[in-house]
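Colleague: Structure for the following, please:
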Amino acid sequence: MNIKFLATRIELTPELKGHIEKKLLSVEKLIDSSDETVLYEVEIGKTTEHHEKGDVYKAEVHVRKKGGNIYATAHAEDILSAMDIVKDEVMHALQSDKEKRETLLRKGQMQIKKLMKRLSW
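Modeller: Predicted coordinates:
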């Protein structure tokens, strides 16, 4: 798994890095394991220096893969919850993409079946 980290206005500690990698492992299950070109670009940080309350932390994940790119972003009160939200968004997008591909494949199979029925008459 290729992960590129970028921390803005915060320090990227080993604990935080491990938490992010753990979250991305669940995303890895929905991506083709034979594709070695998958790249995760993760940006985490504070949106401003002077705010102390509210949604001041952000997390962004950009997944570059063979079938297309997926991008998700979230703002939250702490960095861990922002990363959880982004993971859920990426998983939803990957699941949706997978379902679309399966639907198109089924439609193609139905068209072939109809054509074969017409030719067999």
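Colleague: for the protein, what helix or strand is lowest in average pLDDT?
Modeller: helix 79-120 (a mean of 90; mean pLDDT, DSSP states H and E).
Colleague: Against which helices or strands is that one packed?
Modeller: helix 14-28, strand 39-46, strand 57-65, strand 68-76 (3 or more CB pairs under 8 Å, 6 or more residues apart in numbering; DSSP states H and E). In short, each C-beta sits where N, CA and C put it, glycine included.
Colleague: can you do 7 Å?
Modeller: helix 14-28, strand 57-65, strand 68-76 (3 or more CB pairs under 7 Å, 6 or more residues apart in numbering; DSSP states H and E).
Colleague: which neighbours does the second one have in its sheet, and in what orientation?
Modeller: Applying DSSP bridges to the sheet, strand 57-65 is found paired with strand 39-46 (antiparallel), strand 68-76 (antiparallel).
Colleague: Give me the neighbour count for Ala74.
Modeller: Ala74 has 19 neighbouring residues, counting by other CB atoms under 10 Å.
Colleague: From Ser120, how far off is the residue nearest the centre of the chain?
Modeller: Centroid check for the chain by CA atoms, centre = their mean gives Val90 as the closest residue, at 3.0 Å. With distances taken as CB to CB, to the nearest Å, Val90 is found 45 Å from Ser120.
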